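In: next come a sequence and a model predicted from it.
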Amino acid sequence: QERRLSADEPWPFLMRFPVSCFSICMGFGIQTVLWKTLSTIKWLPFMHIPKYVNLILWCLGSFLTLILFITYISKCILYPRLIRWEFTHPIRSNFFFAPWIACMWLTVGTPDAIATTINPIFWLLLMAPIMLLNVRIYGQWLSEGRRLSESANPGTHLSLVGNFVGALLAATTGWKEIARFFWVIGLVHYLVLIVTLYQRSPTAPVLPKNLRPYFFLFVSAPSSASASWCALSGRFDMVSRSCLFLAFYLYMLLIVKINFFRGFKFSVAWWAYAFPLTSFANASLHYSVEVGNPGLQGFAVIFSFVACVTVFMLCLLTVLHIFWGTMFPNDLMI
Amino acid sequence: QERRLSADEPWPFLMRFPVSCFSICMGFGIQTVLWKTLSTIKWLPFMHIPKYVNLILWCLGSFLTLILFITYISKCILYPRLIRWEFTHPIRSNFFFAPWIACMWLTVGTPDAIATTINPIFWLLLMAPIMLLNVRIYGQWLSEGRRLSESANPGTHLSLVGNFVGALLAATTGWKEIARFFWVIGLVHYLVLIVTLYQRSPTAPVLPKNLRPYFFLFVSAPSSASASWCALSGRFDMVSRSCLFLAFYLYMLLIVKINFFRGFKFSVAWWAYAFPLTSFANASLHYSVEVGNPGLQGFAVIFSFVACVTVFMLCLLTVLHIFWGTMFPNDLMI
Amino acid sequence: QERRLSADEPWPFLMRFPVSCFSICMGFGIQTVLWKTLSTIKWLPFMHIPKYVNLILWCLGSFLTLILFITYISKCILYPRLIRWEFTHPIRSNFFFAPWIACMWLTVGTPDAIATTINPIFWLLLMAPIMLLNVRIYGQWLSEGRRLSESANPGTHLSLVGNFVGALLAATTGWKEIARFFWVIGLVHYLVLIVTLYQRSPTAPVLPKNLRPYFFLFVSAPSSASASWCALSGRFDMVSRSCLFLAFYLYMLLIVKINFFRGFKFSVAWWAYAFPLTSFANASLHYSVEVGNPGLQGFAVIFSFVACVTVFMLCLLTVLHIFWGTMFPNDLMI
């Protein structure tokens, strides 16, 4: 009966609610981590980042995540066929990692006022679905099912970010060896993915124009890898630096291609700008703490500012579009 | 005249004897190494692995290797055209590495009762054919001849394992710099291969169903890399761990796909289960010695047990099928 | 009007002057670096390499580079359409990196008689065009424009060598962090390229027979990476060794395929033999200094000798062909 819906009139709300909305939660999750990092940095005397920004963002992010969870679970119950379709779509399926990554970032960014240590049970609860999804996706690449050469797209980065964020959370709770395991798994699959994406084989799917913000996901995986290796090894060593340098280079490559990111309307896909930029800003702050060079510290502050402004603008646009009723158009990819 | 043979009646024995039989020798070779490692481990007081298991396995393995060598050389003399065919087949050709790898593992696993040091001359004798084969195969990938994108299959891992086992033997005889050289060469070509295999380009050959055990070769290359880097650097550092973690993850990916490995008859290809599992068990024992965590030690013992049971079952099945006369069916891949 | 030229009679000189001529400058540039390294090595008492060889080569190389710069700029002014064609050609375009790399090598190889320290301004001036070209090429690979899978060829290595040589020059001037940045960027893109080239996808362009010397560019990128990491870290550690080992292996793979490099006439493409061999010789000298093994020192001297003889023969052939008027035939690739 779902197919019989007319494309002219709006469908029921839940049918128009895509899984990619969880990228909003990801944006808020990593923002809490960024503001937690900012509030601990000593070389910002002229700024005095207060700790309550982190607290407010954390409450807002947690509330939003709860709302979206409830909404999406309702969709699961009412339209299971749509969920199955989203789950097998080469681009959309990657966003099934998003809710768990968002929750992990919220856990890492927990304000000191609420908790100073993290119970490893949270890691287990949040990592379990990521591992199951990973085993499914990487298993398909390996032996049978959807080939990587026919499904690799910038959205696939989300399946890797989960490993790195899982490593970060494990390192934060003190499980170093498990953190190393997920970091290595993430790195190997990242190498496979970056080579595949760079080759742009003629068999790979081409992103529709309005999904081009997903290209910024290129920045998210190495940024996350950098920050989580830093948490693992206790200092910002050559491995963390290499990841950050790569993230910076990819960032520059995308910034230069500014025209590539113009000429399409606002949609929930724009939230894919939020967490790569914030993730990079967070890693660059850690780097500037290690190096202690005023120039690099200035850069890190600028990147943080850009990330915060981006998230703020996205919030504004989202609120406006919800108000105008144009935030959730009919899901034409179905 | 070879083509005129009827498929209904059994061909002469030597024509039915494929080069992949040497994977039996590989299974025995790495088992001797495993039992040598087991007999030196201190935290197994309740088990007291006696040294003579290694000795018995070594004698059995050496004898078997000798028999198979003689058999295959007879085939070389009597049916040179069949050898040429096997040598140019994209899957079968990789097994020309197997006899030399098996001999290297037997050399590494030499019981202390026979010799405690290894003469580097053995390394030269065993590595020479592997180097010649490697130069031929990698040279083809590089410039002209069979393209990697049209020949990569899980069996290609055998061409890499040779480098890692050669590095292990060189490190054991004290030639550290040469060991490093082969380890690095192995790693670079492993990266190329793993990316290619993960992509599963539409031009790559698909394994026939009865050769699916070759998928376990995915586990063998990183396991060997892990053990040989451990022998090289003297301790189980981050590089060895990374390789082991990758091997473990691939192992899990394959275990989960249990249905993928069902529904085909026993053949000599099943011996491809033997050495990846044993190789992984051996590396995980070294890891557990370094880390000293009882949980990981337990895991390592379980993996060793699984590997030994697998080899035992394969021996049993092989003996039964030889008895029934169904071990060497007509070589229909010709 | 350019298309109307007959292929029988020689065209105007500037039209026959390809951008790949700058590989001659690259050959001279790295030779000055090699002789500077040779003159500082202590374990060559029987040879006493005098410092003035470096000086003579440097003057010759600088003069030649100046001449070629003036010639090519004249071509830019008179035949802008030809330049645009060269700039978009998948093989030829890579040689736009050559003049800047040559200048950087000349800067690194500056004789002590002229200057002992290098002003970082040279790095900025020479690296700027390389960065612009890189951002353009890698940006195309990443998002839109020419796909890597349809343009990767051995000549693409030149786009990587620029990063490594830039890192070397930055390390020489003391900018360690910037040197690390470019080294990492070079390494990641090298991984992408080596995997792509090894796969030899059916969609990749095939080098014409007379351009086969470009295959030796395979040796140049890891050799440069090795030397520049050595300058960065202050010693020839495992990373430098890994790069050198890979370069050596690729060198051997190509030497073995001697017949692949026969049966085509001398052209300016032959100069692609010069700088990979010299670059490798230079890196192997640094290695032999670190290890101090007489055998390896002997090998390094042999490689240096081979490189020098190659460059000398190429000079001779070039002078002869200029004399015969056959050095610059009509540019049939247009």
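Out: Done, it's in. Residues are numbered from 1 along each chain as shown, chains lettered A, B, ... in the order given.

In: CA atoms for contacts and neighbours, from now on please.
Out: Will do.

In: other SSEs contacting the strand or helix carrying A:M252?
Out: Using DSSP states H and E, A:M252 maps to helix A:238-256. Counting contacts by 3 or more C-alpha pairs under 8 Å, 6 or more residues apart in numbering or on different chains; DSSP states H and E, helix A:238-256 is packed against helix A:217-233, helix A:274-291, helix C:120-142, helix C:176-199.

In: nearest to C:W100, of these?
Out: With C-alpha to C-alpha as the measure, helix C:120-142 is the member of the helices and strands packed on helix A:238-256 nearest C:W100 (5.7 Å).

In: for chain B, what's its nearest residue on the stretch 201-334 of chain A.
Out: At 8.6 Å from chain B, A:T203 is the closest residue in the stretch 201-334 of chain A, using C-alpha to the nearest C-alpha.

In: so that residue makes contact with A:E150?
Out: Yes. With contact defined as C-alpha atoms under 8 Å, A:T203 reaches A:E150; the gap is 5.4 Å.

In: residues in the stretch 201-334 of chain A within reach of chain C, list them.
Out: For the stretch 201-334 of chain A, the residues in contact with chain C (C-alpha under 8 Å from any C-alpha of the partner chain) are A:201, A:215, A:242, A:245-246, A:249, A:253-254, A:257.

In: now those in CSV, with neighbour count?
Out: Below are these laid out as CSV (neighbours: other C-alpha atoms under 10 Å in any protein chain shown):
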residue, neighbour count
A:S201, 19
A:F215, 24
A:S242, 23
A:F245, 23
A:L246, 25
A:Y249, 18
A:L253, 20
A:L254, 21
A:K257, 16
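
In: now pLDDT too, for the residues you listed, in TSV please.
Out: Converted to TSV, these look like this (pLDDT from 0 to 100):
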residue	pLDDT
A:S201	84
A:F215	94
A:S242	96
A:F245	97
A:L246	97
A:Y249	96
A:L253	93
A:L254	93
A:K257	88
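
In: could you single out the nearest of these to A:M104?
Out: In terms of C-alpha to C-alpha, no member of these lies closer to A:M104 than A:F215, at 22.7 Å.

In: measure the closest residue to that closest one other than its chain neighbours to chain B for me?
Out: Residue nearest to A:F215 in three dimensions, not counting chain neighbours: A:P154, with 5.5 Å by C-alpha to C-alpha, 6 or more residues apart in numbering or on different chains. Distance of A:P154 to chain B, computed by C-alpha to the nearest C-alpha, to the nearest Å: 15 Å.

In: pretty sure A:P154 is touching A:T196, no?
Out: No. Here A:P154 does not reach A:T196: they are 10.3 Å apart, not a contact under C-alpha under 8 Å.

In: hey, which helix or strand in chain A has the poorest pLDDT?
Out: Lowest mean confidence among the helices and strands of chain A (mean pLDDT, DSSP states H and E): helix A:80-88, at a mean of 90.

In: up against chain B, what does the stretch 201-334 of chain A have?
Out: Counting by C-alpha under 8 Å from any C-alpha, no residue of the stretch 201-334 of chain A is near chain B.

In: low-confidence regions, the stretch 201-334 of chain A specifically.
Out: A:332-334 (pLDDT under 70).

In: and the stretch 1-150 of chain A, which residues reach chain B?
Out: Counting by C-alpha under 8 Å from any C-alpha, the stretch 1-150 of chain A sits next to chain B at A:135, A:138-139, A:141-143, A:147-149.

In: for those residues, which one is nearest B:L125?
Out: Closest to B:L125, out of all of the residues of the stretch 1-150 of chain A next to chain B and judged by C-alpha to C-alpha, is A:L142, at 35.6 Å.

In: any idea how far that closest one is from B:F216?
Out: 11 Å (C-alpha to C-alpha, to the nearest Å).

In: nearest residue to whatever residue of the stretch 1-150 of chain A ends up closest to chain C in space, please, no chain neighbours.
Out: Residue nearest to chain C within the stretch 1-150 of chain A: A:S149 (11.9 Å; C-alpha to the nearest C-alpha). In space, and not counting its chain neighbours, A:S149 is closest to B:Q199: 4.9 Å by C-alpha to C-alpha, 6+ apart.

In: so what's that neighbour up against?
Out: Each residue near B:Q199 by C-alpha atoms under 8 Å, 6 or more residues apart in numbering or on different chains is listed here: A:141, A:147-149, A:192, A:196.

In: A:S242 touches C:V184, doesn't it?
Out: Yes. Between A:S242 and C:V184 there is a contact at 5.8 Å, judged by C-alpha under 8 Å.

In: contacts for stretch A:208-219, please.
Out: A:154-155, A:157-158, A:247-248, A:250-251, A:254, A:260-261, A:264-265, A:267, A:269-273, A:276-277, A:280, C:143.

In: in it, what counts as buried?
Out: A:210-219 (16 or more other C-alpha atoms under 10 Å in any protein chain shown).

In: quick one: end-to-end length of that stretch, please.
Out: The straight-line separation of the ends of stretch A:208-219 (C-alpha to C-alpha) is 20 Å.

In: burial check on A:A231, number of neighbours?
Out: 22 (other C-alpha atoms under 10 Å in any protein chain shown).

In: now swap in A:F87 and tell me
Out: 16.

In: residue contacts, it?
Out: A:93, A:96.

In: what does A:R200 give?
Out: A:R200 is in contact with C:141-142, C:147-149, counting by C-alpha under 8 Å, 6+ apart.

In: over to A:W183?
Out: A:163-164, A:167, A:225, A:228-229 are the contacts of A:W183 under C-alpha under 8 Å, 6+ apart.

In: and those, which is closest to chain C?
Out: After measuring the contacts of A:W183 against chain C - C-alpha to the nearest C-alpha - the closest member comes out as A:A225, at 14.7 Å.

In: surely the closest one meets A:C243?
Out: Yes. Taking contacts as C-alpha under 8 Å, A:A225 lies within contact range of A:C243: 6.5 Å.
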